[in-house]
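Q: predicted structure and sequence below. I'll ask about it afterward.
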Amino acid sequence: MLATGRPCDSHGNFIPRGQLPEPLPDDIDWSPFPDRPSFEWSEVVFEASHLSEGKINQMLRILAAKHVADGRPDYTAIYENYKAILNDIDSISYGPSKWRTFAVRYCGPLGPDSAAWKREVYFVHARDTLAVAKALAASSDFKGKFDVAPFEEFTGPGCRRVSDLMSGRWAYRKADEICEDAALHGSMLTPIILGADKTTVSIATGNQEFHPVYMSLGNIHNDMRRAHRESIVPVAFLAIPKAAHAWENDEDFRIFKKQLYHGSLAKILDPLRPGMSTPHVMRCPDGHFRRAIFELGPFIADYPEQVYLSGVVSGWCPRCLALPDGTFLEGDPRFREHTEALKEAYSMEDLWDAFGLNGDVLPFTNHFPRADIHELLTPDLLHQLIKGTFKDHLVTWVIDYIKATAESEREANRILDDIDRRLGSVPSFPGLRRFPQGRNFKQWTGNDSKALMKVFLPAITGHVPDKMVQCLAAFLDFCYLARRSAHDTYTLQAMRETLDRFHKLRIVFEEAEVRLDGFALPRQHALVHYIRSIQLFGSPNGLCSSITESRHISAVKQPWRDSSKHNPLGQIIRKITRLAKLAAARVEFARRNMLYGDVLTHALLSEGHHAADDKEDEQDERFRQLAEAMASDDEPAEAQVSLSARPAYKCKISDLADVLEQPELLTHIRRFLYRRQHPEDDLNDADLAALPYVWAGSKASVYYSATATFYAPSEQAGPHGMHREIIRSTPLWYGLYPRYDTVLVSTDPNAIGMDGMTVARVRSFFSFTQDDIVHRCALVEWFILDDDVPDDVTGMWVVRPEVHEDGERVTDVIAVESIVRACHLIGKYGTTFLPADFKFYDALDAFRRYYVNWYADYHAHETIL
């Protein structure tokens, strides 16, 4: 592979290896802002306040009035008015290019009776995509998160690992194709990732729709794209043709809409075309220049958009030639040359009926070298797995089964009500969305469906056949495997096995006469292409439509809300242009180390005044240091659990025992200290007299929470894939009810999964000092495995509270650092109906057995084996 991304100078001449990049300015320069407070004021007012111009001007006058009232009439507010703020923002020299507009119209024959849409002029607004690519590549925000060359990673003999786009086979293959031209050796393959998704901003005010197009670079790591960080840039708003009802299904109008769509995309991307054969010199996040060769890369789209992009008939697969019949399994792949050959050989009718092709559509990719739209369509976790197969298919089918097989409509509703109560009764867990009313709410979002996936399986167990539960479990396992941030040979094999198991088990819905017409479902069929797509493009969690849908909020929906709603598109474009400028300015100021600490601390220190320590900044700094340690090439840092910054209260150990109703607390503490001092000894052989002495009057600091920090790149994580969660142990959560979370405790760091962990419930976090050593502890109740293997229906481990002969739960004191992270338990309901007044905060005391919910989040699914 010769596309090595070798550094060059600004003129494209390769430089010696090891030579430093051309220096960038590093002086303190807040231009066009007078100072840091002015910059941060502009950021807050413009990005976050969402106030009108009049309200902002009023705020500024209030600040000026305060100066007058304090005897400083010559002092002005931070800005004179809102227009002055906008002038400074517009003067920022950083960020993507300005927008341009081009017009498109129908070019066919026109007559006096022609439809109005044929006479309409359609406007497309777009940025210079070459300038956007250069701005993305040059952003120092992506330093260390930007691959300049494709690579192969192996974790063992024959075990390849893929994660980001440049680790996949597609990038490696394209680099080889490019370097067939010896003049391109040493170039940097620069994949152009695109996404398009029509969105509606308001149904109530006239169903206003916008069709944004987004762009990113495939060199940027997936975690940057998931966190946005200005790695997904809106580059165009496509025209949305409308016609009178009489012309909506007109063949000419249907063809024109698709030609307008593809022609617009080709025009938008045209500035990149020269750089697909001749290198374009660009600065990269590390400061070096490189000779970039652009390549159209993966396209993020939901199924309706994929139909438009690929030119297939709705209901067919845009990636393969499988017939959309009752099984709809994988067929021979579609590819550009084959599609073109079919169009030459067959009539329009035969193309439509036999191959699912619309002969009138010429994909925009045909205008660019080496691009094949059939290959470039990526898996869509949100619409294919979460909203599609899970929510729209499996959940609906389960409900249909219950309604069809219950003795009466009333009994069916009784069962569904119990499922809702079960969903509402699950214990709290960090980041888990609760369903107090079950599934009964009108508007489902992607986040709602994701949350339901985490708790649905135990809720239906006992109310539907075991085979149906096993089918959903197989599907959920496939989802959670697909969502991982990295995949290796073993993960992909596990995905094959779970998908095969799902396909074999889903016939239960045919047997139950819920799916009489089979599984001709394009979104469900798409699952058969996931493994191949992961091998090509890396993890799909960096190429999912949830990224573009989330970007709609900042790029379309919120700017629309801030607009006057009259001809809003121009206002939206101005808004997102200014937002991009502010974001680019922040990146540049951070590169120059101008944004250390918060704005007030910075101002005090700059003027030589004392500034109090910021505990939150200190905690964030520790988090960043841990993240950097995890990402280093040295031995990775272990996960950490730390108590909250301040105790809730302090008391004597004897008083704490009374508060917790734990008369043996002092003995537990003494046993804890003995284990610390004699880790190799069997504690059972030590009598009470041999245990270290602890005075009952010693002070203990009691905490209501602890923070677990661990490596979880599949989650919404911080720097280098680090994730933080809060573990609660409080007698009154929000002043309403007790909350005592459950955790995984490490028992054998060398073992895998539940072989090296056990489950405990934290009754109290506390610390005490013994011999000048601070011991940070947790009082816990133990849970033990109910069996040596997971449950054969749900696939989850089952635990039960460990109890003494008198039925009291076994408690112990453990070191906080032995806690791995929080875990989620859900009661094993069986066929029992929950009472209507059951409270979720009683769940961890109410059941004999519990599922260890490894669907609580993606990290749990990777950890609890």
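A: Sure thing, it's come through. Numbers count the residues shown, from 1 in each chain.
Q: is it true that Y737 touches Y841?
A: Yes - proximity of Y737 to Y841 meets the contact threshold set by Cβ atoms under 8 Å, at 4.2 Å. In this view, the C-beta of every residue, glycine as well, is placed from N, C-alpha and C.
Q: neighbours of N567, just the number please.
A: 8 (other Cβ atoms under 10 Å).
Q: gap between E409 and K403?
A: Applying Cβ to Cβ, to the nearest Å, the value for E409 to K403 is 8 Å.
Q: how about the helices of the stretch 701-850 of the chain, start to end?
A: Along the stretch 701-850 of the chain, the segments classed as helices by DSSP state H, counting those that start in this stretch run 843-846.
Q: pLDDT weak spots in it?
A: Per-residue confidence for the stretch 701-850 of the chain (pLDDT under 70) gives these ranges: 714-720.
Q: all strands for it, in order.
A: Using DSSP state E, counting those that start in this stretch, the strands found in the stretch 701-850 of the chain span residues 705-711, 722-733, 737-740, 742-746, 757-770, 773-785, 798-801, 811-815, 819-823, 825-827, 850-852.
Q: mind listing what's buried in the fifth one?
A: The one in question is strand 757-770. 757-768, 770 (16 or more other Cβ atoms under 10 Å).
Q: for those, which one is nearest F390?
A: Taking Cβ to Cβ as the measure, F390 lies nearest V759 of the buried residues of strand 757-770, at 26.9 Å.
Q: ok, now which ones touch the closest one?
A: By Cβ atoms under 8 Å, 6 or more residues apart in numbering, V759 lies in contact with 742-745, 782-783, 799, 823, 825, 852.
Q: was I right about E230 contacting A584?
A: Yes - at 7.3 Å, E230 and A584 qualify as touching, with contact defined as Cβ under 8 Å.
Q: okay, and the common contacts of the two?
A: Joint contacts of E230 and A584 (Cβ under 8 Å, 6+ apart) are S139.
Q: before we move on, back to that, could I get the buried residues of strand 757-770 as TSV with distance to C107?
A: Below are the buried residues of strand 757-770 laid out as TSV (distance: Cβ to Cβ, whole Å):
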residue	distance to C107
M757	67
T758	72
V759	69
A760	72
R761	71
V762	70
R763	75
S764	76
F765	72
F766	78
S767	77
F768	83
Q770	86
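Q: which helix is the longest one in the protein?
A: helix 568-591 (DSSP state H).
Q: so what touches that helix?
A: 24, 30, 39, 42-43, 46-47, 86, 89-90, 92, 94-96, 98-99, 125, 135, 139-141, 208, 210, 230, 233-234, 237, 554-556, 559-560, 562-564, 595.
Q: which stretches of the stretch 201-350 of the chain form strands?
A: Going by DSSP E, counting those that start in this stretch, the stretch 201-350 of the chain shows strands at 208-210, 212-217, 233-237, 280-283, 289-300.
Q: can you redo those strands as a markdown table with mean pLDDT and distance to L63?
A: A markdown table is the format used below for the strands of the stretch 201-350 of the chain (pLDDT from 0 to 100; distance: least, Cβ to Cβ, whole Å):
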| stretch | mean pLDDT | distance to L63 |
| --- | --- | --- |
| strand 208-210 | 91 | 36 |
| strand 212-217 | 97 | 37 |
| strand 233-237 | 96 | 34 |
| strand 280-283 | 97 | 40 |
| strand 289-300 | 97 | 44 |
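Q: out of the contacts of helix 568-591, list just those in strands.
A: 99, 125, 208, 210, 233-234, 237 (DSSP state E).
Q: just the buried members of those?
A: So, by 16+ other Cβ under 10 Å, the buried ones in the ones in strands among the contacts of helix 568-591 are 99, 125, 208, 210, 233-234, 237.
Q: by mean pLDDT, flag the weakest helix or strand of the chain.
A: The least trusted helix or strand in the chain, going by mean pLDDT, DSSP states H and E, turns out to be helix 615-631, with a mean of 50.
Q: does L51 touch V44 like I think?
A: No - contact criterion Cβ under 8 Å: L51 and V44 do not qualify, at 10.5 Å.
Q: higher neighbour count, those two?
A: Between L51 and V44, counted using other Cβ under 10 Å, L51 has the larger neighbour count: 15 against 11.
Q: just confirm the more buried one is within a strand.
A: No - going by DSSP: H, G, I helix; E, B strand; the rest coil, the assignment for L51 is coil, not a strand.
Q: please report phi then psi for the residue of the chain most remote from its centre.
A: Largest separation from the mean C-alpha position in the chain: A689, at 54.3 Å (Cα atoms, centre = their mean). In terms of degrees, to the nearest 10, the main-chain angles of A689 are phi -70, psi -20.
Q: going forward, the N-terminal residue is numbered 59.
A: Sure, I'll start numbering at 59, so the last one becomes A747.
Q: roughly how far apart are it and T725?
A: Counting by Cβ to Cβ, the gap from A747 to T725 is 12 Å.
Q: what's the answer for I460, then?
A: 51 Å.
Q: who's more crowded, these two?
A: More neighbours surround I460 than the other of I460 and T725, with 20 against 15 (other Cβ under 10 Å).
Q: contacts only, for the more buried one.
A: By Cβ under 8 Å, 6+ apart, the neighbours of I460 are 470, 473-474, 521-522.
Q: dump those into TSV; add neighbour count and pLDDT as well.
A: Shown next, in TSV, are the contacts of I460 (neighbours: other Cβ atoms under 10 Å; pLDDT from 0 to 100):
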residue	neighbour count	pLDDT
A470	17	96
I473	19	96
L474	19	94
H521	20	97
V522	21	97
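Q: now, which of the residues you listed sits nearest S507?
A: Using Cβ to Cβ, these come closest to S507 at L474, 17.9 Å.
Q: shaky segments in this structure?
A: In the chain, residues with pLDDT under 70: 261-265, 286-287, 497-502, 671-697, 741-744, 772-778.
Q: which SSE is H917 in?
A: Per DSSP states H and E: H917 is located in helix 916-921.
Q: for that helix, name the packing helices and strands.
A: helix 524-540, strand 877-881 (3 or more Cβ pairs under 8 Å, 6 or more residues apart in numbering; DSSP states H and E).
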